[in-house]
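Enquirer: Just to be clear, the model below is a prediction. Sequence and coordinates:
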Amino acid sequence: MPEYENMDESPSQGTDNVKPASKPDLPKVSGRAWGRLLKLFHLNTSVIFILATEFFEKIAFFGQRAILVLFFTDGLFLTERKATSLYHVFTFFATTFTILGAFLSDYVCGRYRSILIFSVLFLGGATLLSATAYPIPFGSSGVGSYIGLFLISLGFGSIQSNLSHFGADQIGMKEEKQYWTYFSLFYFSVNLASLISGICVPILREDVKCLDADCYPLAFGVCSIAVLVALVIFGVGTPRYKLYPPSGNLFCKVFSATWSALKNKIKWLTNKKEKAREHWLDWADPRYEQDLISDAKKLYNLLVLYPLMPMYWALYEQQGSRWTLQAHEMELSMGSLTLKPDQLQSLNLFFVLFLLPLFEGVIYPQFEKINLLLQPVTRMSIGLFGAVVAFLIAGIVQLQIQKWQLPPQQDGVTELKIFNGALCNLNIDFLENHLVMDQHALSPSYPVPMVPYTLRIAPDHCSLPPVSESINFTTDSKTRSTLFIVQDLKTRELTVTQIPDNTVKILDNLALVRIFPLLGTASPSRNRTVRLKCKPDATEDLDVKPFVPSAYTPIQFGRCSLELSEGVGLSFTPIEEEVELKQGGVYTIVLHQANNTENVTVQLNIDSWPKTVSVLWQIPQYFVISISEILFVVPGLHLAYTQAPSSMRSVTMAAWFATKGIGNLIVVIVAESTLITNQAVEFFVFAALMGLISLIFLIAARFYKYHPIDNRNTEEKETDGLNSEIKSPLPYSNKENVMESNS
């Protein structure tokens, strides 16, 4: 166990004659499994109600957050950059509102009432989000959804600064080991709930359709039901809770004492007429009680570590944004199983659920035998370095993904491909490029400046008139184009048509296909129908005009057979060849039919490579970030409770969650800036910054001094739960701040 700094912990005024608790700390244990379980973990029934409440609230919140970034892109039609920013803005509010919850619980209405009030707001926001999540026309504002998200962040955030500590309050005055057990179980329930919602909610989103689109109303609606269940469970447990009073204006007193100490310290530095004092807070005016000064020392000793924590959260929170979008760019199918990109976050939760008991039951005890990993700050230091490794892995994976993606173009430059649909080979010259193209061949992409230029085409060992055309390209540098060269079967003249390549977003489980029909049979001017069968229930009929490329059409990926009809309503003739379409790929299928023959050949051209890198390569980064989370978050929660003054634990928990909010704000700033456009480079930059912060935190941890757990205000007294809070004043509270219990 960590060594504690020796401090004066003499009994405080007003607490000497506190009567022992009228109820035992543990419920009477029978031979049943329930009683044995409570005895094993040293828990009482009230803690079980708190853990169950947290479980269902986390099912709701993490279920909402798991699909949120895709809701922004698919439901509200936002760009990926804007969706990333709004995702982290939402998380920022959900964490910084913990400060409001802490203020109200510590100074106004206590933890119990704060949890109850904000649970109702959480439920209202979840219900509003579900009711307004129906598919909206492109360009609609989605104001109702944004209001719902704001209420969710307000309610959930204000709950979080109180619920974990409210559960710890139920333990009473016990050994530190019981707090370790409680916070481990608390975090286990959090991750179990997150795992369940992270798997099930995306399934409801995608596999159930609402108005032929992903069913976000159903997915969000299930989350709102989970909030209602949590509220009911919390209310049912009311008669069993131990309730403690708000501490009044204590935090203001701490700041007042701090200001007094700083002024007196500065005066002393100018003249030094008195002897130096051990701590700068000892210079506070004598009117501030020693217990108040002692609490202030504990508070600042703890808070000095917090400015180093936001960068960790900046990395950790990207699992729901950047890492989810990274999974969206990867191959999600594994045989007959196809994952969803927003399900990959559940890997973190699965690993935490598996590894947390392993760390608590095996790894930590083994290290304790050799006096390692004893102190929470030591474990947190190693956890920070784990985040560095996770983002280095994510950056390497992103580099592999980008190898198969079209690189972004510079301003004023586009890309050009040429397809030779003529019946002979061609020599093609444009700018400084010379191509010799076989018939029915597709050239690679060439960077082309956004200026008019001359394209020269000459036949290679065949009789065709030479062609010279001036091609004017669009001024949009993001639009890539293909020049389709087609030969008229009667006049044998060549025509050149510029067709923009894909600008349509590729949805999950789909590929994009366009048909280029070089059909030279009896009626070349009549439209034909091409049928693609990729799955028994996935058939697509495309009306095409000979010698004219069709528009891109989303198709279920897989191995597809093709059939050709002479026109609408006529029978289909199977084409012998099949094509293999992969997820996320963009294809041009050329159907070539020689003149006066019935034989049709199929040529599959890749306009944009499919998702090639398997999503399984994300497993290492999730595994490492999960180990990092166990080493950083659980000890951090333990530290925030055991090292804080008993009267200001909600404040320290709010500060803990505020660091999480600041971390999300860091991601918003980076996402909205244009300094880093390469996603792999962004991952590496985050890793480098986290590495620097980790070194600083490691140094600070070596100088951290531990204090004994402050249990002055955790004596149990009888209350009626709904109508009162325990009114046990702090020893340094003035009489005017003493609040009587309501009967």
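Expert: Structure's in. What do you need? Numbering: from 1, shown residues only.
Enquirer: so where's the stretch 301-450 of the chain shaky on pLDDT?
Expert: 407-411 (pLDDT under 70).
Enquirer: can you give me the strands in it?
Expert: 333-334, 337-338, 413-421, 426-430, 433-437, 446-449 (DSSP state E, counting those that start in this stretch).
Enquirer: a markdown table for these, including mean neighbour count and distance to Leu305?
Expert: Every C-beta, even on glycine, is put in place using the N, C-alpha and C of the backbone. A markdown table is the format used below for the strands of the stretch 301-450 of the chain (neighbours: other C-beta atoms under 10 Å; distance: least, C-beta to C-beta, whole Å):
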| stretch | mean neighbour count | distance to Leu305 |
| --- | --- | --- |
| strand 333-334 | 14 | 42 |
| strand 337-338 | 10 | 44 |
| strand 413-421 | 21 | 49 |
| strand 426-430 | 19 | 63 |
| strand 433-437 | 14 | 60 |
| strand 446-449 | 15 | 51 |
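Enquirer: quick one, which of these is nearest to Phe72?
Expert: The closest of those to Phe72 is strand 337-338. By C-beta to C-beta, the value is 22.5 Å.
Enquirer: picking up where we left off before, please identify which of the strands of the stretch 301-450 of the chain is closest to Asp501.
Expert: With C-beta to C-beta as the measure, strand 413-421 is the member of these nearest Asp501 (7.7 Å).
Enquirer: relative orientation of that closest one and strand 433-437 in degrees?
Expert: Relative orientation of strand 413-421 and strand 433-437, computed by axes from the mean of the first three to the mean of the last three C-alpha atoms, to 10 degrees: 30 degrees.
Enquirer: And strand 413-421, what does it pack against?
Expert: Here strand 413-421 touches strand 426-430, strand 433-437, strand 446-449, strand 481-487, strand 510-519, strand 586-593, going by 3 or more C-beta pairs under 8 Å, 6 or more residues apart in numbering; DSSP states H and E.
Enquirer: I figured Pro645 hits Leu299, correct?
Expert: Yes - judged on C-beta atoms under 8 Å, Pro645 makes contact with Leu299 at a distance of 6.0 Å.
Enquirer: burial of Gln366, as a residue count?
Expert: 10 (other C-beta atoms under 10 Å).
Enquirer: what about it, distance to Tyr134?
Expert: 54 Å (C-beta to C-beta, to the nearest Å).
Enquirer: Helices of the stretch 151-300 of the chain, residue ranges please.
Expert: If DSSP state H, counting those that start in this stretch is used as the criterion, the helices of the stretch 151-300 of the chain fall at 176-207, 216-236, 250-271, 290-303.
Enquirer: how near is the residue lying farthest from the centre of the chain to Tyr134?
Expert: In the chain, the greatest distance from the average C-alpha position (C-alpha atoms, centre = their mean) is reached by Ser463, at 61.5 Å. Per C-beta to C-beta, Ser463 is found 62 Å from Tyr134.
Enquirer: one step back: so which of the strands of the stretch 301-450 of the chain gets nearest Val397?
Expert: Checking these against Val397 by C-beta to C-beta gives strand 333-334 as the closest, at 16.6 Å.
Enquirer: Any idea how far that closest one is from the middle of the chain?
Expert: In terms of C-alpha atoms, centre = their mean, to the nearest Å, the centre of strand 333-334 is set 22 Å apart from its chain centre.
Enquirer: What pairs with it, parallel or antiparallel?
Expert: The strands beside strand 333-334 in its sheet (DSSP bridges) come out as strand 337-338 (antiparallel).
Enquirer: In contact with the most centrally placed residue in the chain, which residues?
Expert: In the chain, the C-alpha nearest the mean C-alpha coordinate belongs to Gly320, at 1.4 Å (C-alpha atoms, centre = their mean). Contact partners of Gly320, counting by C-beta atoms under 8 Å, 6 or more residues apart in numbering, are Arg65, Ala66, Leu68, Val69, Tyr87, Thr91, Gln345.
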